[in-house]
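Participant: Fold the following for me, if possible:
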Amino acid sequence: MAASLHTVSISASAASALLRLGVQTIDMAGAQVALVTKQTSTSGELQLSGQILVVDANASGGGSSAQDLLLPPEADSKGLFLIISNNGGENVVIKEDGDSVTVITNLSTGEHVLLWCDGSATTTFDASAGHVGWSGVLLKHLID
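Facilitator: Residues are numbered from 1 along each chain as shown. Next comes the predicted model:
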């Protein structure tokens with residue numbers, strides 16, 4: 001029996017829909033912001049609505065020049081990845097949720113980071129740096 005060959009066609013619109021990620025702009029207004037995945041948020045929290053985050057610490061809104069961006073809790077973030085871009089004129093300090101001490105990375109203006117979470121609140125990436133379930137790669141701005 002001869003093998004048959006099947007051709008599968010994927011329309012351009014179907015393919016592009018698979019590659020699109022949500023983009024969310026975050027004006028930190030000079031204050032710490034805690035990212036959350038839950039349906040409700042309280043003061044100082046912001047619900048995630050995209051995987052690409054364009055962030056501005058916006059010191060003109062008050063506070064100091066650098067602001068803390070707290071990642072969502074690991075238990076709620078298994079398999080989640082985020083691309084965060086610092087689009088403002090101040091540093092954005094990305095920290096573990098609920099922990100004002102554990103710094104994941106410090107983003108200068110024009111820098112980007114790709115982050116992903118394994119869902120664990122235990123050290124998985126770099127024990128010496130105190131990293132928890134979030135891992136990442138810092139990307140420098142190379143395109144003008």
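Participant: residues near Glu103, how many?
Facilitator: Rather than Glu, residue 103 is Val. Neighbour count for Val103, taken as other C-beta atoms under 10 Å: 15. For glycine as for every other residue, the C-beta is placed from the backbone atoms N, C-alpha and C.
Participant: Next, the contact list for it, please.
Facilitator: By C-beta atoms under 8 Å, 6 or more residues apart in numbering, Val103 lies in contact with 93-95.
Participant: are any of these buried, and which?
Facilitator: 93-95 (16 or more other C-beta atoms under 10 Å).
Participant: Dump those into JSON lines; add distance to Ser77 and pLDDT as well.
Facilitator: Converted to JSON lines, these look like this (distance: C-beta to C-beta, whole Å; pLDDT from 0 to 100):
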{"residue": "Val93", "distance to Ser77": "19", "pLDDT": "93"}
{"residue": "Ile94", "distance to Ser77": "13", "pLDDT": "93"}
{"residue": "Lys95", "distance to Ser77": "14", "pLDDT": "91"}
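Participant: Of the contacts of Val103, which is the nearest to Leu48?
Facilitator: Leu48 has its nearest neighbour among the contacts of Val103 in Ile94, at 13.8 Å by C-beta to C-beta.
Participant: Confirm Ala31 sits in a helix?
Facilitator: No: counting by DSSP: H, G, I helix; E, B strand; the rest coil, Ala31 falls outside a helix, being coil.
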